[in-house]
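S.K.: sequence-free structure coming up:
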C-alpha cells in the first residue's frame, strides 16, 4: 500500500512539473516582460523620488538665501529670489515664496501686498488653511485704508465659530471698535474671545486688559486748571 502511494505521488509530481513546463514555455515571454516592467517601475519610482528630493533641497537652500536677504534689508534681491521660487520651485516652496514676497511688498506697498494676498486667497491650489491666512493678512493691511469696510467684512467672516484664525480676527475687530470708541462692539468681540474654550492663553490674558478698558468706558479729559499765582517777592 505504501509503495502504491509513493508511486502515485511521483506520478503527480511529474504531472505538475510537465504542466509548469508547458505554462512556462507558453507564457515565458509574458513573465519576463512583467518582470522587466516591475524592475523598471521600481527603478523609475526611485529615480523620481531622487529628483524630487534634490529639487526640494535646492529649493530649501534658495528659500533660506532669500529669507536672509530679506532680513538683511536687501528687499530687491530677496524679491527676485522669491519670484524665482514661485515659478521654478516645488509646490510647497512656491506657495511659501508667494507669502514671503507679499510680506516683503507690504513694507513699501500695502495695497500691492494686499492684492498679492488676495490672489493667494482665491487660489484653490493653496489649500483652505493658507487661503484663510491670506485673507487675514490682506484684511489687516487694509484696516488703515481710507475705506476699511471691506477689511472689516473680511475679518467678520474669518471670526466665524469654526474659523481657523477666528481668535486673531476677533481681537482685531475688538481693537478696531475700541479705537473708534464703539465700546458695545468691542465688548461683543472680546466677549466671544473670552467665551471660546479654545482661546490661546496669551490672548485670554490680553482680553482681561481689553475688557477692563471697555468696562472703564470713554475717558473724558478735563481742562487744565490755571497755575496758582506766584507769591509776591519778599522785600526787606
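M.R.: It's in. A quick note: this is a predicted structure, and the numbers were derived from the prediction, not measured. Numbers count the residues shown, from 1 in each chain.

S.K.: so where's this structure uncertain?
M.R.: Counting by pLDDT under 70, the low-confidence segments of the chain come to 1-25, 27-32, 34, 42-52, 54-60, 75, 218-236.

S.K.: how about the helices in it?
M.R.: Assigned by DSSP state H, the helices in the chain fall at 2-71, 75-88, 91-106, 110-121, 128-142, 149-158, 166-179, 183-195, 201-216.

S.K.: could you dump those to CSV with mean neighbour count?
M.R.: Placement of C-beta: from N, CA and C, glycine included. Below are the helices of the chain laid out as CSV (neighbours: other Cβ atoms under 10 Å):
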stretch, mean neighbour count
helix 2-71, 11
helix 75-88, 17
helix 91-106, 19
helix 110-121, 18
helix 128-142, 20
helix 149-158, 17
helix 166-179, 21
helix 183-195, 17
helix 201-216, 13
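
S.K.: Residue 194 contacts residue 210, doesn't it?
M.R.: No. Taking Cβ atoms under 8 Å as the definition, residue 194 is not a contact partner of residue 210, at 9.3 Å.

S.K.: Might you calculate how far stretch 133-152 sits from the centre of the chain?
M.R.: 18 Å (Cα atoms, centre = their mean, to the nearest Å).

S.K.: The residue positioned nearest the centre of the chain: what's it in contact with?
M.R.: In the chain, the residue lying closest to the centroid (Cα atoms, centre = their mean) is residue 130, at 3.9 Å. Remark: with contacts taken as Cβ atoms under 8 Å, 6 or more residues apart in numbering, residue 130 is in contact with 95, 99, 120.

S.K.: again, but for residue 191
M.R.: With contact taken as Cβ under 8 Å, 6+ apart, residue 191 is in contact with residue 211.

S.K.: So it versus residue 90, what's the distance?
M.R.: In this view, residue 191 and residue 90 are 44 Å apart by Cβ to Cβ, to the nearest Å.

S.K.: What of residue 179?
M.R.: Using Cβ to Cβ, one gets 42 Å for the distance from residue 179 to residue 90.

S.K.: Next: residue 149.
M.R.: The span separating residue 149 from residue 90 equals 39 Å under the rule Cβ to Cβ.
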